[in-house]
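Enquirer: sequence-free structure coming up:
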Ligand SMILES: C[S@@+](CC[C@H](N)C(=O)[O-])C[C@H]1O[C@@H](n2cnc3c(N)ncnc32)[C@H](O)[C@@H]1O
């Protein structure tokens, strides 16, 4: 075993499996920065994985992993570059090894975590706030790279936070682990040079910008409509504004307070018609189309249901309980017909069709042309330059803003 020279964790060993993971991330192009590669090789990822968990290999079959029953298989999944390891389901209400529930906490997929670490663009001496501690592995990497005294990580789930703190200590790191709502940031440790968000975000809390120094960088998975995620990097300026562009795709577990729930209330009063636009064009369309939709239909969540028999439904809904508008576009296999159902003050599918046309008229801009600015009045999506903001479609209930 060799010894690395991290700035504040000088004598961490390099573990063979962790070193192999660092090599794989480098060879596959996910991670280039030598200092981060060194951190991945030095932080023992297996110390952050529970004995029983649920592996979700990219392109493979999700399955339970059990260290006692199959130690080699468990290690293989824990150190696989493209495998997130689920460590909690349904906020802890369902045993994780069952795999039968909504994932609510994880040991992040290395390839995705690596992309965000590169985007974070840290410098020696930076302080960092991580939102969403989860397993604690990312906090371990940040502690290795920057020094544990410069890292604060906040986790909403007390049990997850306690386990992460234990794992970090076992690995030899002692960053500040806070149990609380990361949407509020952590003013006690402010100002920060970097904010690293590791749960999906729809509404970006201004508290994060306020708690940053000018010149700070905030990276986050932006999931404006609930399922299509975009890596966003924001730069904080001295006027208290954060602006930046989108960099790639990602899926993430949503921040607890920003989850959406679907239920088709008042179905008897819904309006129906035939449709022309195949809802799959929208659901599986270009990420640039998804960003334009997010700008034009702020606060509208999408849910895609792809059935084995070839039928497909795209649901659009506002998160306002029984007062919210909703729409369903159902594609019927065989006939190729599309059936539209809409309820509420807004006709959400009509709006989505208009957004699709708008995207085509703009020349089908891709994700790289979009960006977002956050100030104390909210978030504003733009195309090409921050001056070219995209106003939301008129909302009869006057509830605009991203
Ligand atoms: C994808 S996991 C994070 C993975 C982690 N960073 C790692 O290194 O393995 C997302 C975490 O965010 C947490 N979370 C959700 N909402 C939160 C909130 N409002 N504040 C802080 N943490 C939150 C979840 O409980 C979950 O543990």
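Expert: Sure thing, it's come through. Quick caveat: nothing in here was measured; it's all calculated off a predicted structure.

Enquirer: in the stretch 51-200 of the chain, which spans are helices?
Expert: In the stretch 51-200 of the chain, the segments counted as helices under DSSP state H, counting those that start in this stretch are 71-78, 110-120, 137-146, 158-171.

Enquirer: pick the most buried one from those.
Expert: helix 137-146 (a mean of 28; mean count of other CB atoms under 10 Å). Bear in mind the C-beta positions are built from the backbone N, C-alpha and C, glycine included.

Enquirer: helices or strands next to that helix in the packing?
Expert: helix 34-42, helix 110-120, strand 128-131, strand 151-155, helix 158-171 (3 or more CB pairs under 8 Å, 6 or more residues apart in numbering; DSSP states H and E).

Enquirer: I'd like those laid out as TSV, including distance to residue 59 and mean pLDDT.
Expert: As requested, the helices and strands packed on helix 137-146 are arranged in TSV below (distance: least, CB to CB, whole Å; pLDDT from 0 to 100):
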stretch	distance to residue 59	mean pLDDT
helix 34-42	22	97
helix 110-120	12	97
strand 128-131	28	98
strand 151-155	29	98
helix 158-171	27	98
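
Enquirer: ok, which of the helices of the stretch 51-200 of the chain comes nearest the ligand?
Expert: Nearest to the ligand among the helices of the stretch 51-200 of the chain is helix 137-146; the distance by CB to the nearest ligand atom comes to 3.2 Å.

Enquirer: residues in contact with the residue of the stretch 151-300 of the chain found nearest the ligand?
Expert: Nearest residue of the stretch 151-300 of the chain to the ligand, counting by CB to the nearest ligand atom: residue 182, 3.0 Å away. Counting by CB atoms under 8 Å, 6 or more residues apart in numbering, residue 182 touches 131-132, 154-156, 197, 199, 255.

Enquirer: cool, and residue 311?
Expert: The neighbours of residue 311, taking CB under 8 Å, 6+ apart as the test, are 330-333.

Enquirer: and the pLDDT at it?
Expert: You'll see residue 311 listed with a pLDDT of 89.

Enquirer: likewise the one 4 residues further on?
Expert: Among the per-residue scores, residue 315 holds a pLDDT of 93.

Enquirer: just the buried residues out of the contacts of residue 311, in PyMOL syntax.
Expert: Listed next is the PyMOL selection for buried residues among the contacts of residue 311, using 16 or more other CB atoms under 10 Å:
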select buried, resi 330+331
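
Enquirer: near the ligand too, which of the contacts of residue 311?
Expert: For the ligand, no contacts are drawn from the contacts of residue 311 by CB under 6 Å from any ligand atom.

Enquirer: secondary structure for the contacts of residue 311 - can I get that in JSON lines?
Expert: Formatted as JSON lines, these follow (DSSP: H, G, I helix; E, B strand; the rest coil):
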{"residue": "330", "secondary structure": "strand"}
{"residue": "331", "secondary structure": "strand"}
{"residue": "332", "secondary structure": "coil"}
{"residue": "333", "secondary structure": "coil"}
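
Enquirer: turn the helices and strands packed on helix 137-146 into a markdown table, columns for distance to residue 264.
Expert: Output for these, formatted as a markdown table (distance: least, CB to CB, whole Å):
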| stretch | distance to residue 264 |
| --- | --- |
| helix 34-42 | 45 |
| helix 110-120 | 33 |
| strand 128-131 | 33 |
| strand 151-155 | 34 |
| helix 158-171 | 33 |
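
Enquirer: please work out which residues outside the worst-scoring helix or strand of the chain on mean pLDDT touch it.
Expert: Ranking every helix and strand in the chain by mean pLDDT, DSSP states H and E puts strand 300-306 at the bottom, with a mean of 89. With CB under 8 Å, 6+ apart as the test, strand 300-306 has contacts from 225-228, 260, 262, 283-284, 293, 312-319, 348.
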